[in-house]
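Engineer: This is the structure alone, sequence omitted:
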């Protein structure tokens, strides 16, 4: 059970991004597309868990000094580092094996994700801006993986939306962390992430505001491109409204300093979930040409 917890299955929610490109192509439900997309999803779940284990081994001392991270299995002594290393290797090999079974393209994407994530954990997590780029790259590679696995063409607008949407969430996460660190006056303060020393709140606000603006602009262009398909109603064009509202709703949580864990924001904000569901339905109808 400690190993399962250390694998952070809640974080697997991020890996649903592998279905984005097949959905955008209107081909997600086709068996020849759905099967490799599901394999890509599993491969990313395994690889991401492997990198979480390595990260927790490396940060074990810092986690033990943190009021919440000290409850992680390795920091709490519930899981030995030796077992975690073996599990990480097994998970990584399984992920790469599954990816290679689908094709060399997916293998390259999963391998790139592992390299970028481990580079972040081992060397670059304390470098301002660089670490933001690496966090964003993790999301972007997930979004690319589905299209690569199913051998579907990927729209440049899709890549721009995924890239700057990822930067928006990464900068929002750091903004919330820095905001908490500056406000924290309790008896038990969490150790401050070293990369935060290179940021100010106005700078991070500028980054996530700029990223959100570019993502919205690119999405509008992408939605009208998808909307060129024959359909009974301009579903894709109308999906712009819930997409923009969802970005603005998430920005409320960022502005309040409550976006340290993006997956928690998404899962616990009912209004955001509703907007996301409406967007998904409208965009899917447009992509399928209904």
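Structural biologist: Okay, I see it. Everything numeric in this text was worked out from a predicted model, so none of it was measured. Numbering: from 1, shown residues only.
Engineer: quick one: the helices in the stretch 101-250 of the chain?
Structural biologist: With DSSP state H, counting those that start in this stretch as the criterion, the stretch 101-250 of the chain has helices at 104-119, 130-149, 156-183, 201-226, 235-238, 240-255.
Engineer: With distance to residue 275, mean neighbour count and mean pLDDT added, can I get those helices in CSV?
Structural biologist: (Each C-beta comes from the backbone N, C-alpha and C, glycine too.) What follows is these, written out as CSV (distance: least, CB to CB, whole Å; neighbours: other CB atoms under 10 Å; pLDDT from 0 to 100):
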stretch, distance to residue 275, mean neighbour count, mean pLDDT
helix 104-119, 28, 19, 93
helix 130-149, 19, 23, 89
helix 156-183, 14, 21, 89
helix 201-226, 14, 18, 91
helix 235-238, 13, 20, 86
helix 240-255, 4, 19, 93
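Engineer: Take those helices and write them to CSV, including distance to residue 16.
Structural biologist: As requested, the helices of the stretch 101-250 of the chain are exported to CSV (distance: least, CB to CB, whole Å):
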stretch, distance to residue 16
helix 104-119, 15
helix 130-149, 8
helix 156-183, 13
helix 201-226, 18
helix 235-238, 20
helix 240-255, 15
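Engineer: between those helices, which one is nearest to residue 17?
Structural biologist: Residue 17 sits nearest to helix 130-149 of all the helices of the stretch 101-250 of the chain, at 4.0 Å, using CB to CB.
Engineer: Point out the other helices and strands that that closest one packs with.
Structural biologist: Applying 3 or more CB pairs under 8 Å, 6 or more residues apart in numbering; DSSP states H and E, one finds that helix 130-149 contacts helix 20-24, helix 31-58, helix 104-119, helix 156-183.
Engineer: Model confidence for residue 227, exactly?
Structural biologist: At residue 227, the model reports a pLDDT of 59.
Engineer: So which of the helices and strands packed on helix 130-149 is nearest residue 98?
Structural biologist: helix 31-58 (4.5 Å).
Engineer: Can you tell me how far the residue nearest the centre of the chain is from residue 91?
Structural biologist: Closest residue to the average C-alpha location of the chain: residue 139 at 4.0 Å, with CA atoms, centre = their mean. From residue 139 across to residue 91, the span is 20 Å (CB to CB, to the nearest Å).
Engineer: contacting residues for residue 155?
Structural biologist: The contact partners of residue 155, by CB atoms under 8 Å, 6 or more residues apart in numbering, come to 24, 222, 225.
Engineer: Same check on residue 212?
Structural biologist: Contacts of residue 212 (CB under 8 Å, 6+ apart): 164, 168, 247, 251.
Engineer: what do you get for residue 265?
Structural biologist: 250, 253, 258-259, 272.
Engineer: rerun that using 7 Å as the cut-off
Structural biologist: 250, 253, 258-259 (CB atoms under 7 Å, 6 or more residues apart in numbering).
Engineer: same thing with residue 42?
Structural biologist: residue 98 are the contacts of residue 42 under CB under 7 Å, 6+ apart.
Engineer: For it, give me the pLDDT.
Structural biologist: 95.
Engineer: about what we covered before: could you dump the contacts of residue 265 to a markdown table with distance to residue 10?
Structural biologist: As requested, those are exported to a markdown table (distance: CB to CB, whole Å):
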| residue | distance to residue 10 |
| --- | --- |
| 250 | 18 |
| 253 | 17 |
| 258 | 17 |
| 259 | 16 |
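Engineer: And for residue 278, nearest residue in space, chain neighbours not counted?
Structural biologist: residue 242 (4.3 Å; CB to CB, 6 or more residues apart in numbering).
Engineer: re the thing from before, is it true that the residue nearest to the centre of the chain touches residue 17?
Structural biologist: Yes. Shown here, residue 139 and residue 17 form a contact pair, counting by CB atoms under 7 Å, at 6.4 Å.
Engineer: Run through who's touching stretch 107-115.
Structural biologist: 43-44, 47, 51, 92, 95-96, 99-100, 138, 141, 144-145, 148.
Engineer: now swap in stretch 198-211 and tell me
Structural biologist: By CB under 7 Å, 6+ apart, stretch 198-211 touches 128, 164, 167-168, 171-172, 174-175, 178-179, 254.
Engineer: ok, now with 6 Å
Structural biologist: 128, 164, 167-168, 171-172, 174-175, 178 (CB atoms under 6 Å, 6 or more residues apart in numbering).
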